[in-house]
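Enquirer: structure of the sequence below:
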Amino acid sequence: MSNDQAEIKDRELNQNDGEPSPAAAGSAMSGIGDAVKRVGHYRWVICGLLFFASAINYVDRQVIAILKPTLQGEFGWTDIDYGWIIFAFSTAYAIGFIFVGRFMDKVGTKLGFTLAIVLWSIGALLHAWAVGVGEIAQPIITPIINGILAAINAVITPLGFAPWSIVLSVSVAGFIVARFVLGLGESGNFPAAIKTTAEWFPKKERALSTGIFNAGTNVGALVTPLVVPILVAIWGWYEAFIVTGILGFIWLAVWLWLYQRPDEHPKLSPEELAYIQSDPSDPVTKVPWARLIRFRQTWAFALGKFLTDPIWWIYLFWVPDFLQRQHGLDLKSFGLPIAVIYIIADIGSVGGGWISSALIKRGVTINRSRKTAMLICALAVVPIVLASVTSNLWLSVILIGIAAAAHQGWSANLFTLTSDTFPKQAVGSVVGIGGMLGAIGGMVIAPLVGYILARTGSYVPIFIIAASAYLVALTLIHLLSPKLEPAELND
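Expert: Residues are numbered from 1 along each chain as shown. This next block holds a predicted model:
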């Protein structure tokens, strides 16, 4: 992305025939510096708020994965129990994608973000009181889960598979409720952040500001395995959920203090407001989902999300358990290996986008560039199978880190397919459809991993699924959109 911006800037500076004189260049640079000073920088304060919201989002999301061994010892959970707890989060996240975007448009970013973080922080705190919640919720949730299992058994039993079954304990029911509330609230984070960015930044700065606030997710994923074990060592798992849950309310106080719409904000200079609003107004055109689902390009993106987003959930929610099961690590020792995995993943989030951009600059078609980058990422995930059989801890960490980095690079290119094939007024809706399918994929993988571990006690089948998912997804994407041709919405 930064290389593309540099290229655009070079074109703008070289629009005139001939080179500017040193004096003219100096005058121009001075003018640019004066303009920057006049514009101001308060919009970056807002971007900082979005960064910390995203970090807290991932802290609250990941705490349960770090505490899984502790909670299993406390409550006697099976892997199947844990799988259904994660299923509750993915289900709520998928439901949230259906309406949260329009909800944010209706109530505005200040109130919308406030309600989202209040809801997910309440969900985070509910984990500490899950047993009490479970005593109330168990009679309600048990028939819901059994109904889901009955539908699954109707499909798998005729195929020769043993029917799935579960008896919900009070603690499992309580954590299911807590994860559901958390997932429903967290589904509002990224739609609210993207809408805030659109309100506070001109188009030429939105990619940078989005990249900055999205980096908060990686910071949250890095901080959680390092900090939560310390909280547990000092106080306990109960207090760890309380401390991390309170973070959202601390952020909310700062948000309510600092945030107003740009045209209402007292700290925003007239020059910066004019700069923020310098783009021509976009036409307000809503493209209904019912129309978009008729296009092959929509399904290329949505199926890509459905097949590969669940693999990220595996890394996020099951890797601590894998490190304990495979390498004997515990709460005090797996913080550094998990942090290393996400540091490696950061490289992929930049590198995947760079590959396709570099190919496009060399004259390669967008179709070939995107799919080449995605193929490289898909192949980079395949060695993760070896992580499930090696006894070397750091080899496992590196292989999982490379796979996580490949996922980030894959995602960068997968998201770009929407803007490659749809006009801007439809991109948000297509991303919403894909996000919902990705969350549904997370719903499928959560109990599936639990049942695989219960039956086999091994991560080999799970990592085989991870290794093959991207190649299958890329094949489907190519079949559905062989040339990445634009969708003709005007037909």
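Enquirer: how many residues are close by residue 68?
Expert: By the measure other C-beta atoms under 10 Å, the count of residues near residue 68 is 21. For every residue, glycine as well, the C-beta is placed using N, CA and C.
Enquirer: please identify which helix or strand holds it.
Expert: Residue 68 belongs to helix 42-75 when assigned by DSSP states H and E.
Enquirer: in that helix, which residues are buried?
Expert: Neighbour-count burial for helix 42-75, counted by 16 or more other C-beta atoms under 10 Å, picks out 42-44, 46-47, 49-72, 75.
Enquirer: what's the angle from the very next helix or strand once past that helix to helix 42-75?
Expert: Helices and strands here follow DSSP H and E; after helix 42-75, the next one along the chain is helix 79-107. Angle between the axes of helix 79-107 and helix 42-75 is 150 degrees (criterion: axes from the mean of the first three to the mean of the last three C-alpha atoms, to 10 degrees).
Enquirer: can you pull out the low-pLDDT segments for the stretch 201-350 of the chain?
Expert: When residues are selected by pLDDT under 70, those of the stretch 201-350 of the chain lie in 206-208, 279-286.
Enquirer: quick one: residues contacting the residue nearest to residue 194 when sequence neighbours are not counted.
Expert: Leaving out its chain neighbours, the residue that sits closest to residue 194 by C-beta to C-beta, 6 or more residues apart in numbering is residue 210, at 6.9 Å. For residue 210, the contact set (C-beta atoms under 8 Å, 6 or more residues apart in numbering) comprises 193, 194, 197.
Enquirer: distance of residue 210 relative to residue 219?
Expert: Going from residue 210 to residue 219 by C-beta to C-beta, to the nearest Å gives 15 Å.
Enquirer: quick one, helices of the stretch 151-300 of the chain?
Expert: Residue ranges of the helices in the stretch 151-300 of the chain, as given by DSSP state H, counting those that start in this stretch, are 170-186, 189-200, 203-234, 237-258, 270-276, 289-292, 296-327.
Enquirer: turn these into CSV, including distance to residue 442.
Expert: Listed next are the helices of the stretch 151-300 of the chain as CSV, based on distance: least, C-beta to C-beta, whole Å:
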stretch, distance to residue 442
helix 170-186, 9
helix 189-200, 15
helix 203-234, 15
helix 237-258, 21
helix 270-276, 36
helix 289-292, 20
helix 296-327, 5
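Enquirer: which one of these lies closest to residue 385?
Expert: Taking C-beta to C-beta as the measure, the helices of the stretch 151-300 of the chain were each checked against residue 385, and helix 296-327 came out nearest at 12.8 Å.
Enquirer: now do the helix or strand following the closest one against helix 42-75, angle only.
Expert: Remark: after helix 296-327, the chain's next helix or strand is helix 335-361, criterion DSSP H and E. Angle, helix 335-361 to helix 42-75, by the same axes, to 10 degrees: 140 degrees.
Enquirer: which residues sit against stretch 457-468?
Expert: Outside of stretch 457-468, the residues within contact range by C-beta under 8 Å, 6+ apart are 311, 314, 318, 322, 325-326, 381-385, 387-389, 403, 445, 449, 452-453.
Enquirer: are any of those buried, and which?
Expert: Of the members of the contacts of stretch 457-468, the ones counted as buried by neighbours, 16+ other C-beta under 10 Å, are 311, 314, 318, 322, 325-326, 381-385, 387-388, 403, 445, 449, 452-453.
Enquirer: now stretch 153-162: buried residues?
Expert: Within stretch 153-162, the residues scored as buried using 16+ other C-beta under 10 Å are residue 153.
Enquirer: which residues touch residue 429?
Expert: 286, 287, 288, 289, 292.
Enquirer: now do residue 277
Expert: When contacts are taken as C-beta under 8 Å, 6+ apart, residue 277 is in contact with 202, 262, 263.
Enquirer: only whichever of these are buried, select them in ChimeraX.
Expert: Once 16+ other C-beta under 10 Å is used to decide burial, the buried members of these can be selected in ChimeraX as follows:
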select :262
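Enquirer: got phi/psi on residue 202?
Expert: The phi and psi torsions at residue 202 (degrees, to the nearest 10) take the values phi -70, psi 160.
Enquirer: distance-wise, check the residue nearest to residue 194 relative to residue 191.
Expert: Between residue 210 and residue 191 the distance, using C-beta to C-beta, works out to 12 Å.
Enquirer: before we move on, what about residue 100?
Expert: Residue 100 sits 5 Å away from residue 191, taking C-beta to C-beta as the criterion.
Enquirer: hey, what's in contact with both of those two?
Expert: Residues touching both residue 100 and residue 191 (C-beta under 8 Å, 6+ apart): there are none.
Enquirer: who wins for proximity to residue 343 among the helices of the stretch 151-300 of the chain?
Expert: Comparing those under C-beta to C-beta, the one sitting nearest is helix 203-234, at 6.8 Å.
Enquirer: and the closest one with helix 296-327, angle?
Expert: Going by the same axes, to 10 degrees, helix 203-234 makes 20 degrees with helix 296-327.
Enquirer: helix 203-234 to helix 237-258, inter-axis angle?
Expert: For helix 203-234 against helix 237-258, the angle between stretch directions is 150 degrees (the same axes, to 10 degrees).
Enquirer: quick check: buried residues in helix 203-234?
Expert: 205, 209-210, 212-225, 227-229, 231-232.
Enquirer: what's the angle from that helix to helix 189-200?
Expert: Using the same axes, to 10 degrees, the inter-axis angle of helix 203-234 relative to helix 189-200 is 140 degrees.
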